[in-house]
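S.K.: have a look at this prediction, sequence included:
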2 protein chains.
Amino acid sequence: MRMENILSEGIKATPPSFVRSILKAASDPGVISFAGGLPNPVSFPQEALLKSMERIVKTYGSHVFQYSITAGLPELRQYIADRYNRVFGLSLTTDNIIITTGSQQALDLIGKVFLDRGDGVIVEKPTYLAAIQAFSMQQPKFYPVALTEEGMNPEELEAALQNPVKFIYAIPDFQNPTGLTYSAGNRKRIYEILRDREVVLIEDDPYGELRFEGERLPYIGAGKLPYSILLGTFSKTVAPGMRIGFLISENKELLKHISVAKEAGDLHTNIFAQYLIWDYLKTNDLDMHIAKIKKLYRKQAHAMMEAMDRYFPPTVTYTKPQGGMFLWVTLPEGMSAMSLFPRALEKKVAFVPGDPFYTDIQNANTMRLNYTNADSETIEEGIRRLGDLLKEL
Amino acid sequence: MRMENILSEGIKATPPSFVRSILKAASDPGVISFAGGLPNPVSFPQEALLKSMERIVKTYGSHVFQYSITAGLPELRQYIADRYNRVFGLSLTTDNIIITTGSQQALDLIGKVFLDRGDGVIVEKPTYLAAIQAFSMQQPKFYPVALTEEGMNPEELEAALQNPVKFIYAIPDFQNPTGLTYSAGNRKRIYEILRDREVVLIEDDPYGELRFEGERLPYIGAGKLPYSILLGTFSKTVAPGMRIGFLISENKELLKHISVAKEAGDLHTNIFAQYLIWDYLKTNDLDMHIAKIKKLYRKQAHAMMEAMDRYFPPTVTYTKPQGGMFLWVTLPEGMSAMSLFPRALEKKVAFVPGDPFYTDIQNANTMRLNYTNADSETIEEGIRRLGDLLKEL
C-alpha cells in the first residue's frame, strides 16, 4: 500500500509548521532564538496558580477531574463576558462564549464549520502561519490582502470580496507576524465594507491585552456585525501550557454549530485547567499582573529595536509594535530570508523567515522576530550576530 | 445571509451528540441516569493528584506552564511505551506515541488524516456514537459490520472490504455501546483477513484496563499489522477531566501525518496535565488503583444485571460485560427505545436509545445502560422503574 493512497487530500494540503520543524535546531542552548512565540516564563504566576490548585481541589473535589460540558465552565465564561463587557462595552452572557483548547482549536473549529474544499478565505498578507495550517486542512482558496501600517488595504479587501468568500481572518492588534496594529480609521472603513455583505469576520486577538504603548482601539466587528467571531486566550496573560482559549460571538446559531464541532473534536477542554484559570482570575488582580508583563515586553521590544538601529545595515527596515510579541523585518528586495536562515544558524541565531506566513510567496525578503523570551542583553547579542550576517551580504 | 450558505457540508453532516443533548434532562437530580458514560468519581485519586501538582510545580517550575512539543511529554510517552511493552509484549519507544487531548481528539485526527468525502469506513454495528460524529465531519461512507457475542462478523467484514475502505474502526474490549468483547478466535480471524489487505485498522481501547472478569486478550493488529493504530486514555483509570489520551502506532510515517494534524488542531495537549499524570503514575501503583476501580465496577455491573433479572420482562435480553462501563439491552422486536425514552424520563430514569450508535438504523429496539456512576441501590431503583415501564408495554 502506498501511503499517498491512504492519506486524505486535506492532510496532504496541510504544511507542517516551520516553527516546529526548526524547534530542535533553535533549542540548541548556544543558539539565540527569535524564532519561537513563547511568553517569558517569568510572567507565569506560578505561586498563585499553585494556591488556586489546592483551593479548587479542596472546594470542588471530583468536579475538577470529571467529564464536563462542551461549552466550558460557566463561571469562567461569565468572567470573560464581564471583562469584555466592561472593557469593550459589549453585551455578552455566558451563552456567547465557548472555551477552546487554546486559540489554535478555535481556528480548527472555524475551518471545519465554514469551509468546504475550494471555498474562499481572505487573510492578511502576511498572516499567522498556524491559521494557514488549520484552514489548509479544508483545502480552501486563500485570497491574501496586503497588510499596511494602517491595517488591511481596503481596496484590495473590496476586490477580494468579489470572490465567493466564507470568512475574513484578521488579527487587528499587534498582528502575528508583523506586530502591526490596524488604525481606528482602517477599522471603521473595514466595518463599513463588511456591514452589508454576507461574510463572516474572524477577529483573532491573542495579544490585545499586551499593549505597552498607545491606546486600546475598538474591535472591527465584535458587537456590531451579525456574523462576527472574536477569539481570545489566556496563553499570553496567564499560561500557554494550560491551553485555555475562548471563542466569542453574539450569533448563537453559529455557536451552536461550532459547539457540535468542538464536541466531535475533543468533547470539552480540560476542566481542571478551566477551574484553575477561573480561580486564579477571581483571587488575583489580572490587570496588575498584565501590567508587569507589559513593562517587561516593552523593555525587550525596545532593546531589540535599539539593537537593530545599531547593528543592522540601513537598507533593512522593521515595524515598531505597540504591543504583543513580534516585529517584522524587511530585507533589501531580492534577498531571501529563507536562504539566510541556515547561515544565521551557523552564527547561532534563529528567526522565522517570512515564507510560511504567506499563502502565495516564496523566498520572501521578510522575517519575524520574537522579543519576549530573552533578556535585553541576549536580545542585543542575537541582533548583533544577525547584523554581522546582514552586513556580510 | 442564510446560515445554510455559510456552513460547511461537513458540519451539516455531523450529528450533535444525543448524550449531550439530553444532558440537561438527565442531570435533573430526581432522574436516575444510566445515559452518561462517567467514571465513578470515587475512583479519582484526588489526594495523590494534589500531591503530584505540588511536586511538579516545585520541581519543573515554568516548564509545566509553557508551550510544549506537539507529540507530548517524552517521559509520559516513555511510561506508556514501557507499560504496553510489558503487558502486551509490544516493542514501542516514545516515538511510537502521540499524546492526544482525550481519545476523542485521536478520532478527530484519524478522520482528518485518512478521510476525503465519500471514502469508506468500516464500523461495528452498533459503534461508539462520538466516533460516528468525529468521522462524519469528513462525510465518509460508513460500512457497518454486525457485532456478535464473538466480535465482528468475519463474513460481513470480508464483504465490506470489497468496497474502497480507508480504515476499520473497532473497540475489541468491552465495546461501547454493547459491552461485548471480541473472542481470541475472532481476533485471530480478523487479523488473518486484514493481513494481506491495504487497509488501516484502528483499535480503540479506552476500557481494556477495566477487565473485572476473564483473561486479557491480545490486540488484533497492534504490533502485527503494518497500518495499525491503537488508542488509549487515562480518562477511565485516572481522571477524564484532564483530557489525556494517546495514540500508538509502529508506523512512523502515519504518525508524522497525524502529528501535523494535531499541530494544526491544538498545537499540543495541556502540558501541566501531562506532567501531572506522569508524576502520578511514577509515584503511585496504577495497577493497585485500577484493581479498586474494577472491584467497584464489577459490583455495580452485577447489581444492574441482577436487577434486570428481577424487574425486566423475560422478552428483554442484555449483554453480560466482562469489564468496562456499559451493557446493551435488546427489547422485543419492533419496540423503539427512542419512543420509550420520553416515557422513561417521566418515570425519572434515563438511558441512551440505540439509534445514535448506528449509521443506518432508526427506531432500534436497543439501548445502552451505564452502570459505573451510581451505587448499587440507585442502580436497582432505576432498573425497577425501567422494568415497570417495560411491563406496561
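M.R.: It's in. Numbers count the residues shown, from 1 in each chain, chains lettered A, B, ... in the order given.

S.K.: A:Glu4 and A:Lys12 touch, don't they?
M.R.: Yes. Using CB atoms under 8 Å, A:Glu4 is in contact with A:Lys12, at 7.5 Å. C-beta: built from backbone N, CA, C; applies to glycine.

S.K.: ok, the two, which is more surrounded?
M.R.: It is A:Lys12, of A:Glu4 and A:Lys12, that has more neighbours when counted by other CB atoms under 10 Å in any protein chain shown, with 14 against 7.

S.K.: could you measure from that one over to chain B?
M.R.: 9 Å (CB to the nearest CB, to the nearest Å).

S.K.: do the same with A:Gly37
M.R.: Taking CB to the nearest CB as the measure, A:Gly37 falls 8 Å from chain B.

S.K.: pretty sure that residue sits against A:Leu369.
M.R.: No. Using CB under 8 Å, A:Gly37 is not in contact with A:Leu369; the gap is 10.8 Å.

S.K.: so which of those two has more stuff around it?
M.R.: When A:Gly37 is set against A:Leu369 and neighbours are counted by other CB under 10 Å, the residue ahead is A:Leu369, at 27 against 23.

S.K.: right, is the least confident helix or strand in chain A by mean pLDDT up against chain B?
M.R.: Averaged element by element with mean pLDDT, DSSP states H and E, chain A has its least confident helix or strand at helix A:23-26 (a mean of 72). Yes. Counting by CB under 8 Å from any CB of the partner chain, chain B has neighbours in helix A:23-26: A:Leu23.

S.K.: chain center to that helix, what's the gap?
M.R.: Relative to the chain's own centre, helix A:23-26 is displaced by 21 Å; criterion: CA atoms, centre = their mean, to the nearest Å.

S.K.: what's downstream of the strand or helix carrying A:Glu306, the next helix or strand?
M.R.: Following DSSP states H and E, one finds A:Glu306 within helix A:286-311. Later in the chain than helix A:286-311, the nearest helix or strand by DSSP H and E is strand A:317-318.

S.K.: okay, the least confident helix or strand of chain A in CSV with CA atoms only?
M.R.: This file holds the C-alpha atoms of helix A:23-26, laid out as CSV (Å, rounded to 0.1, in the frame of the first residue of the first chain):
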residue,chain,number,x,y,z
LEU,A,23,12.4,23.6,17.2
LYS,A,24,15.3,21.2,17.6
ALA,A,25,17.9,23.5,15.9
ALA,A,26,16.5,26.5,17.7
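
S.K.: what ranges does chain A have for its strands?
M.R.: With strands called from DSSP state E, chain A shows them at A:32-33, A:97-101, A:120-125, A:141-148, A:151-152, A:165-170, A:200-204, A:228-233, A:244-248, A:317-318, A:326-330, A:349-350, A:352-353, A:366-370.

S.K.: start to end distance for stretch A:123-135?
M.R.: Criterion CA to CA, to the nearest Å; first-to-last residue distance in stretch A:123-135 is 11 Å.

S.K.: how far off centre is that stretch?
M.R.: 10 Å.

S.K.: is that stretch positioned near chain B?
M.R.: Yes. Stretch A:123-135 reaches chain B (CB under 8 Å from any CB) through A:130, A:133-134.

S.K.: what are the phi and psi angles of the residue lying closest to A:Phe44 once chain neighbours are set aside?
M.R.: Distances taken as CB to CB, 6 or more residues apart in numbering or on different chains put B:Phe65 closest to A:Phe44, at 4.4 Å, once the chain neighbours are dropped. Dihedral pair for B:Phe65: phi -110, psi -10, per degrees, to the nearest 10.

S.K.: doesn't A:Gly241 make contact with B:Phe65?
M.R.: Yes. Between B:Phe65 and A:Gly241 there is a contact at 4.5 Å, judged by CB under 8 Å.

S.K.: between the two, what contacts are shared?
M.R.: Residues touching both B:Phe65 and A:Gly241 (CB atoms under 8 Å, 6 or more residues apart in numbering or on different chains) are B:271-272.

S.K.: what does the stretch 251-393 of chain A put close to chain B?
M.R.: A:253-254, A:257, A:260-261, A:263-273.

S.K.: mind running it again at 10 Å?
M.R.: Taking CB under 10 Å from any CB of the partner chain as the criterion, the stretch 251-393 of chain A approaches chain B at residues A:251, A:253-254, A:256-276, A:373.

S.K.: show me which of these are buried.
M.R.: Neighbour-count burial (16 or more other CB atoms under 10 Å in any protein chain shown) applied to those gives A:251, A:254, A:257-276, A:373.

S.K.: now chain A, which segments are flagged as low pLDDT?
M.R.: For chain A, applying pLDDT under 70 flags the ranges A:1.

S.K.: what's the domain layout of it?
M.R.: A:3-45+A:288-392, A:64-283 (automatic domain parsing).

S.K.: mind checking which of those is nearest B:Leu296?
M.R.: Evaluated over those, closeness to B:Leu296 peaks at domain A:64-283, with 15.5 Å, by CB to CB.

S.K.: gap between the two ends of that closest one?
M.R.: By CA to CA, the extent of domain A:64-283 from end to end equals 18 Å.

S.K.: and what of stretch A:53-72?
M.R.: End-to-end distance for stretch A:53-72, by CA to CA: 18 Å.

S.K.: can you give me how far stretch A:118-135 is from the chain middle?
M.R.: From the chain centre to the centre of stretch A:118-135 is a distance of 12 Å (CA atoms, centre = their mean).

S.K.: and stretch A:51-63, by the same measure?
M.R.: For stretch A:51-63 - counting by CA atoms, centre = their mean - the centre lies 31 Å from the chain centre.

S.K.: neighbouring contacts of it?
M.R.: Stretch A:51-63 has contacts (CB atoms under 10 Å, 6 or more residues apart in numbering or on different chains) with A:45, A:64-66, A:73, A:271-272, A:274-284, B:38-44, B:46-47, B:49-50, B:53-54, B:57, B:239, B:241, B:272, B:276.
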